[in-house]
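Visitor: this one's structure only:
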C-alpha cells in the first residue's frame, strides 16, 4: 500500500505547479453547494477563447454549480474518475481556454 501512495503523492503535488502564471490544480467552491450538486456548463461556455485566469475559474465554478474546478494545460494528464460535481477547464499553449466540461 505504501508503494502506491508515494507516486500518487508526487502526482498530486505536480498538479499545483504554475505554468507561466496560468492557473493549475483545482479550485473548490465556497461555501460548498448543497449535497447532490451537479455540474451544468452551458452558461460557462462563454469563456472559451478567453485567457485562463483565477477570476474566470471562479466565474466558471459559480456558473456551473460544481463543487470543484480542475484546470488542465496542454500536457496535463487527468485521472479517469468521473465526478458529477466537478467542472474541468482546459487551455492551450497560449493559455486560451479551449474546453469546459463536467466530470
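Guide: Nice, I can see it. Being a predicted model, the structure only gives us computed values, none of them experimental.
Visitor: From here on, just use CA atoms for contacts and neighbour counts.
Guide: Will do.
Visitor: check contacts around residue 50.
Guide: Contact analysis of residue 50 by CA atoms under 8 Å, 6 or more residues apart in numbering lists 96-97.
Visitor: what about it, distance to residue 78?
Guide: Distance, residue 50 to residue 78, by CA to CA, to the nearest Å: 22 Å.
Visitor: And the residue nearest the centre of the chain, which helix or strand is it part of?
Guide: Centroid check for the chain by CA atoms, centre = their mean gives residue 70 as the closest residue, at 1.3 Å. Using DSSP states H and E, the element containing residue 70 is strand 68-72.
Visitor: Run me through the strand neighbours of that strand, direction for each.
Guide: Using DSSP bridges, the strands paired with strand 68-72 are strand 26-28 (antiparallel), strand 86-91 (parallel).
Visitor: and stretch 88-103, which residues are buried?
Guide: Residues of stretch 88-103 classed as buried: 88-92, 95-98, 100-103 (neighbour count, 16 or more other CA atoms under 10 Å).
Visitor: ok, those vs residue 58, which is closest?
Guide: Nearest to residue 58, judged by CA to CA, of those is residue 89 at 11.3 Å.
Visitor: wait, the closest one sits on residue 100?
Guide: Yes - Residue 89 lies in contact with residue 100 (CA atoms under 8 Å); the separation is 4.6 Å.
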